[in-house]
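Undergrad: Structure for this input, please:
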Amino acid sequence: MTTPVSADETPAYLRQQSTGLAASIKGYFGRIRGGEMGSLPAILGLIILVVLFSLLRPTFFTPLNFANFFSQAALVVILAMGLIFVLLLGEIDLSAGVTSGVSAAILAVLMQKQGVAWPLAVTAALASGIAIGLFIGFLVARVGIPSFVVTLALFLAFQGLVLVIIGEGGNIRITEPVILAIQNNNLSPLLGWVFYAIVVLGYLGGAIYGRQQRLRRGFAAAGLSLIIAKAAVIAVIGFAMVWILNLERSVNPAKNPLSGVPIIVPIIAVLTLVFGFVLARTSFGRHVYAVGGSVEAARRAGISISRIRIICFTICSATAAFAGLVYASRAASVDPNAGRFVVLSAVAAAVIGGTSLFGGKGRIQDALIGGAVVAVIDNGMGLLGYPAGVKLMITGAVLMLAASADALSRKRSISTGK
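TA: Take a look at the predicted model:
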């Protein structure tokens, strides 16, 4: 007789050793030997790419290009965050990119053609994403149509919908300063350091609080030494980032001074914090991992499979709708091609970062790491003068390597019983 899996059981690779830093490091290498590579290949690849492009093109690691890098990566990273919820279930959403295009088109038409105030236009754009996610979730979870088929059909249909919404003009300019600020404005240097302090102290306080809660309930928890070590790493990396971004990076500082952390950075940080908390600290998040790990076991544990699927597709499409606002801000306009080509890059970012295509394994941080890899390839090869075709081929090759590593890791995990 099969023993049901507890609905509140945290996935094995999310549990930490509670016996201190040394034991945690030993356990980490043990998981690697067992086939759980996680984000390690992507992190190593990112380091190699940064060093390589810095040597080949000295302008790669300048303050100006470093700041531009965040703007280039933002759309892919945000889309990948939403897609991770779907990928964790072993599903796919090919329509996420054009969903962002629909959202951007609704925003542009309401603000620029109908004269609607930006708060209402933003609300309508985000509501469209929620509605699309509920529709996709219903068709997948209730009707039983495979997610690949549903989202492929909507990928085609929504391209036409964007054309209908925009109309014959073909391009709508965005002039609202609040929307444009998302991708084009920066925090003051002082606010950048305040943001840095909030992130470091917030992580440290949240991790300690989470540890106490787990210990109080009798669950395994990370040791204080491990929490402090992670906080120290975040503090060092964050300090370097804020320091570089606060440097003057304008080509003509006397007339057009330019410095500070781009506004999109704290926006991504907030999304990472919220989504990470949902997946790692809530019963809903544990249910998502349970469904992705084994649908039958999750069903026997009393989890509503349909409910989890509908919510995950809704989160994905709502996040895509927000990505549409980011797209409109960066381009300062919306055209019929909005969001058409970005979804595959977002899927690639999630998989490269360590999220499994088979479901049940992944973290929100994977979107950041994988998105950084994709953006570094695009940015670095662009500086070296390579055409778009070559950049796409290289990104595809990296995705193939990541997917192969995921498949081999899964096989090794099964063979070792871990």
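
Undergrad: Can you report how many residues lie near residue 174?
TA: Neighbourhood size, residue 174 [other CB atoms under 10 Å]: 22. For the C-beta atoms, the positions are set from N, CA and C on the backbone; glycine is no exception.

Undergrad: do the same with residue 401
TA: 13.

Undergrad: do you know how far residue 64 is from residue 194?
TA: 23 Å (CB to CB, to the nearest Å).

Undergrad: oh sorry, the question was meant for residue 227
TA: For residue 227, the distance to residue 194 - CB to CB - is 23 Å.

Undergrad: Neighbour count for the two, which is higher?
TA: Ranked by neighbour count (other CB under 10 Å), residue 227 and residue 194 place residue 227 first, with 21 against 13.

Undergrad: got any ranges where the chain has weak pLDDT?
TA: For the chain, the stretches flagged by pLDDT under 70 are 1-38, 168-169, 406, 408-418.

Undergrad: could you pull out the strands for it?
TA: Ranges of strands in the chain, per DSSP state E, are 172-173, 333-334.

Undergrad: Would you agree residue 85 is in contact with residue 314?
TA: No. In this structure residue 85 lies outside contact range of residue 314 using CB atoms under 8 Å: 9.1 Å.

Undergrad: between these two, which one's more packed in?
TA: With neighbours defined as other CB under 10 Å, residue 85 and residue 314 compare such that residue 85 has more, 27 against 22.

Undergrad: for the more buried one, what are its contacts?
TA: 275, 279, 288, 312-313, 315-316 (CB atoms under 8 Å, 6 or more residues apart in numbering).

Undergrad: if you set the cut-off to 7 Å instead, what comes out?
TA: 288, 312, 315-316 (CB atoms under 7 Å, 6 or more residues apart in numbering).

Undergrad: any idea how far residue 308 is from the nearest residue to residue 291 once chain neighbours are set aside?
TA: Nearest non-adjacent residue to residue 291, counting by CB to CB, 6 or more residues apart in numbering: residue 298, 4.6 Å away. Distance, residue 298 to residue 308, using CB to CB: 8 Å.

Undergrad: list residues touching both of the two?
TA: Joint contacts of residue 298 and residue 308 (CB under 7 Å, 6+ apart) are 287, 291.

Undergrad: Could you identify which of the strands of the chain is most buried?
TA: Counting by mean count of other CB atoms under 10 Å, strand 333-334 has the highest mean neighbour count of those, with a mean of 22.

Undergrad: okay, now residue 266: neighbour count?
TA: Neighbourhood size, residue 266 [other CB under 10 Å]: 17.

Undergrad: Wait, it touches residue 195, no?
TA: Yes. Counting by CB atoms under 7 Å, residue 195 is a contact partner of residue 266 at 5.3 Å.

Undergrad: Adding distance to residue 145 as columns, could you present the strands of the chain in JSON lines?
TA: Shown next, in JSON lines, are the strands of the chain (distance: least, CB to CB, whole Å):
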{"stretch": "strand 172-173", "distance to residue 145": "33"}
{"stretch": "strand 333-334", "distance to residue 145": "30"}
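
Undergrad: out of these, nearest to residue 95?
TA: strand 333-334 (17.5 Å; CB to CB).

Undergrad: Off-centre distance for that closest one?
TA: On the basis of CA atoms, centre = their mean, to the nearest Å, strand 333-334 sits 23 Å off its chain's mean C-alpha point.

Undergrad: same question, stretch 308-316
TA: On CA atoms, centre = their mean, the centre of stretch 308-316 falls 15 Å from that of its chain.

Undergrad: Same check on stretch 295-304?
TA: The answer for stretch 295-304 is 27 Å, by CA atoms, centre = their mean.
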